[in-house]
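Trainee: Here is my input; please provide its structure:
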Amino acid sequence: MKNFLFITFSFIFFSSIIYSQTTYPNNEDGVFQDMLTPQYYLSEDGSPFRDEVNRFVYFARMERFHHPLEDSTGEMPQYSIPRYGEFAAGRGPTRTHEHHGAIDMYVGNNETKVNMYAAHDGYVAVYRNAPKYRHYLSITKNVEDSTGEVIGKIVTLYAHIDLDLDSTDNILLNGQFVNKGDLVSKNFYSDTRGGPHIQFEIRYYRTENIGNETFYGWIGPGGSSTLTEPSEGIWSYGFWNPDTGYGFADPANHLPGSVTSIKEGLGIEVPTEYKLFQNYPNPFNPSTVIKYQIPSNVKGEMSNIKLIVYDILGREVATLVNKTQPAGSYEVKFSSTGGASFISGGLSSGVYFYRLTANDFVETKKLILLE
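Mentor: The predicted model follows:
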């Protein structure tokens, strides 16, 4: 019995050591940086808070979003994103200018009757007569790590909508659970400054945060007394409430199918060459993320993309991607436990290979699955 207890204790002890040594990519290392709290940028590598945020952002980015304007058939209206409505909108010449992580999408010729859809599963909260957004709704979803522990929350905001007209259309979602792709609103607010549009934000919160506070903006006349920390990192405008939230997510990290349309609308350069990145983490168990990029071409044609996993004998075990895609940066989650992409059931530990085929481009890399 003593030996059993010793072995059990040793297993738990050494497992905790291994787990505590797990490291995750820094936010700055990503293709598209999220906009995080100043405490993150002021923390050194290895500090508890920085490690906490890196861990959360890593798992949060695995959540693939439904585009907020895309219907169930895959159709989207024509929309534009003006320069002043890009991610980190409202950048101004002074540190006191309001600056928030959002994109503004204008549909057609300032249309107001526009369907909007849930970017992810979660619970809806609605807000009326907010000083900044007038009417808006939020959708909140828990983020879990590989062990199933809740480590934070994703909250998406649909701002400048008209909840009065939604009520008339019998859209009453406050407190309700919605599934990804569900209809959440049908009306832009007609009197929004600059014309009717949706202001779409992705916010990162700690587990204990409510998820709807104004935690970033400006100070001074008309501003907030709770915003005391100036921005750091590449986001050099605005002020934060240091006690609330992790920050804002760049939509490009969650909307892989529309990275090009969003990023080209912002005037941000798309990739100029094909590239397959090393999966992370590697070794892994049970899941890992594989990233790749597709360059633009003169004709704007899409590429025929195949991303396939093989075993050490060259047998195909999973097809992760098999379709045409536009230029942009993409990432795919691969799990060893099986799924629709698998030729057969789950995988055993060992060495595997993943190959990206894109038109005439072919590249292969190795991944290792540990028990």
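Trainee: Report the residue ranges of every domain in the chain.
Mentor: The record's domain parsing of the chain by automatic domain parsing lists 27-265, 275-369.
Trainee: for those domains, which one ends up most surrounded?
Mentor: Highest mean neighbour count of these: domain 27-265, a mean of 18 (counted as mean count of other C-beta atoms under 10 Å). For glycine as for every other residue, the C-beta is placed from the backbone atoms N, C-alpha and C.
Trainee: average model confidence for that domain?
Mentor: Domain 27-265 comes out with an average pLDDT of 85.
Trainee: repeat for stretch 350-365
Mentor: 92.
Trainee: Residues contacting that stretch, please?
Mentor: 274-276, 278-279, 290, 292, 294, 303-312, 317, 320, 334, 366-369 (C-beta atoms under 8 Å, 6 or more residues apart in numbering).
Trainee: Run through the helices of this structure in chain order.
Mentor: Along the chain, counting by DSSP state H, helices occupy 2-20, 38-42, 48-60, 163-168, 259-265.
Trainee: How far off centre is the third one?
Mentor: In other words, helix 48-60. 13 Å (C-alpha atoms, centre = their mean, to the nearest Å).
Trainee: on contacts alone, who are the packing partners of that helix?
Mentor: Contacts defined by 3 or more C-beta pairs under 8 Å, 6 or more residues apart in numbering; DSSP states H and E place helix 48-60 against helix 38-42, strand 134-144, strand 150-159, strand 198-205.
Trainee: would you turn these into TSV with distance to F49?
Mentor: Formatted as TSV, those follow (distance: least, C-beta to C-beta, whole Å):
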stretch	distance to F49
helix 38-42	6
strand 134-144	17
strand 150-159	13
strand 198-205	13
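Trainee: D104 is nearest to which of these?
Mentor: Taking C-beta to C-beta, strand 198-205 is the member of these nearest to D104, at 5.3 Å.
Trainee: Double-check I368 against N285; I have them as touching.
Mentor: No: taking contacts as C-beta atoms under 8 Å, I368 lies outside contact range of N285: 9.4 Å.
Trainee: any idea which residue sits dead centre in this protein?
Mentor: The chain has H254 as the residue nearest its centroid, 3.3 Å off, counting by C-alpha atoms, centre = their mean.
Trainee: Now do the contacts for the closest residue to that residue other than its chain neighbours.
Mentor: Distances taken as C-beta to C-beta, 6 or more residues apart in numbering put F65 closest to H254, at 4.3 Å, once the chain neighbours are dropped. F65 makes contact with 119-120, 156, 180, 202, 251, 254-255 under the criterion C-beta under 8 Å, 6+ apart.
Trainee: any idea which of those is the one closest to M35?
Mentor: Nearest member of those to M35, counting by C-beta to C-beta, is I202, at 9.9 Å.
Trainee: Which residue, other than its chain neighbours, is closest to the closest one?
Mentor: Here the residue nearest I202, using C-beta to C-beta, 6+ apart, is A249, at 3.9 Å.
Trainee: contacting residues for that neighbour?
Mentor: Each residue near A249 by C-beta under 8 Å, 6+ apart is listed here: 34-35, 57, 60-61, 101, 154, 202-204.
Trainee: Switch those residues over to a markdown table; also include distance to S231.
Mentor: Listed next are the contacts of A249 as a markdown table, based on distance: C-beta to C-beta, whole Å:
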| residue | distance to S231 |
| --- | --- |
| D34 | 13 |
| M35 | 8 |
| V57 | 17 |
| A60 | 20 |
| R61 | 21 |
| G101 | 11 |
| I154 | 21 |
| I202 | 17 |
| R203 | 15 |
| Y204 | 15 |
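Trainee: still on that earlier bit, so which of the contacts of stretch 350-365 belong to strands?
Mentor: Among these, the members found in strands (DSSP state E) are 275-276, 290, 292, 294, 303-311, 317, 320, 334, 366-369.
Trainee: Just the endpoints, please. Distance across stretch 64-72?
Mentor: 16 Å (C-alpha to C-alpha, to the nearest Å).
Trainee: ok now that stretch, how far from the chain's centre?
Mentor: 13 Å.
Trainee: same deal with stretch 114-130?
Mentor: For stretch 114-130, the distance to the chain centre is 17 Å (C-alpha atoms, centre = their mean).
Trainee: what residues are up against Y280?
Mentor: By C-beta under 8 Å, 6+ apart, the neighbours of Y280 are 25, 288-289, 291.
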